[in-house]
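> sequence first, predicted coordinates after that:
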Amino acid sequence: QVQLRESGGGSVQPGGSLRLSCEATGTTHSVCYMSWFRQTPGKESERVAMASIPNGNPTYADSVKGRFVASQTVGNKALYLSLQMDSLKPEDTASYYCTARRCGAVQDTDWGQGTQVAVSS
């Protein structure tokens, strides 16, 4: 199994920045992709960034291109995927989830508990 733990959410004013972090532990050798999703009540979830493991260049949703940057680190016993969020907008307010997709799977297989991001003045 793969366990995912997010941290770094919070409240910020429009134009501000936050950095989210995700740590994946467990059978991380089986992970081929990690992503950040976000979910707002009443809306479909959105994959904001995705990176192939190891060393893949992240891809981004159009809504966050140029403002969000995902970075991965591969450790001996854990994987890390951070999300630097700049120029935040009120519409970025959501619950953000870190996910992992095991090799050979067609959908994400493991989800974290999520962290809240609120952008308001």
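In hand now; what should we look at? Numbers count the residues shown, from 1 in each chain.
> just the element for the residue nearest the centre of the chain, please.
By CA atoms, centre = their mean, the chain has its centre lying nearest to W36, at 2.3 Å. Assigned by DSSP states H and E, W36 falls within strand 31-39.
> who touches that strand?
2, 20, 22, 24, 45-53, 56, 70, 72, 79, 81, 83, 92, 94-105, 108, 114, 117 (CB atoms under 8 Å, 6 or more residues apart in numbering). Every residue, glycine included, has its C-beta placed from N, CA and C.
> and stretch 36-48, C-alpha only, in CSV?
Provided in CSV are the C-alpha atoms of stretch 36-48 (Å, rounded to 0.1, in the frame of the first residue of the first chain):
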residue,chain,number,x,y,z
TRP,A,36,-2.4,17.1,-7.1
PHE,A,37,-6.2,17.3,-7.5
ARG,A,38,-8.5,19.9,-6.1
GLN,A,39,-12.2,19.6,-5.2
THR,A,40,-14.8,22.3,-4.6
PRO,A,41,-18.3,21.4,-3.4
GLY,A,42,-20.6,21.2,-6.4
LYS,A,43,-17.9,21.1,-8.9
GLU,A,44,-16.0,18.2,-10.6
SER,A,45,-12.6,17.5,-9.2
GLU,A,46,-9.7,18.9,-11.2
ARG,A,47,-6.3,17.5,-11.7
VAL,A,48,-4.1,20.5,-11.4
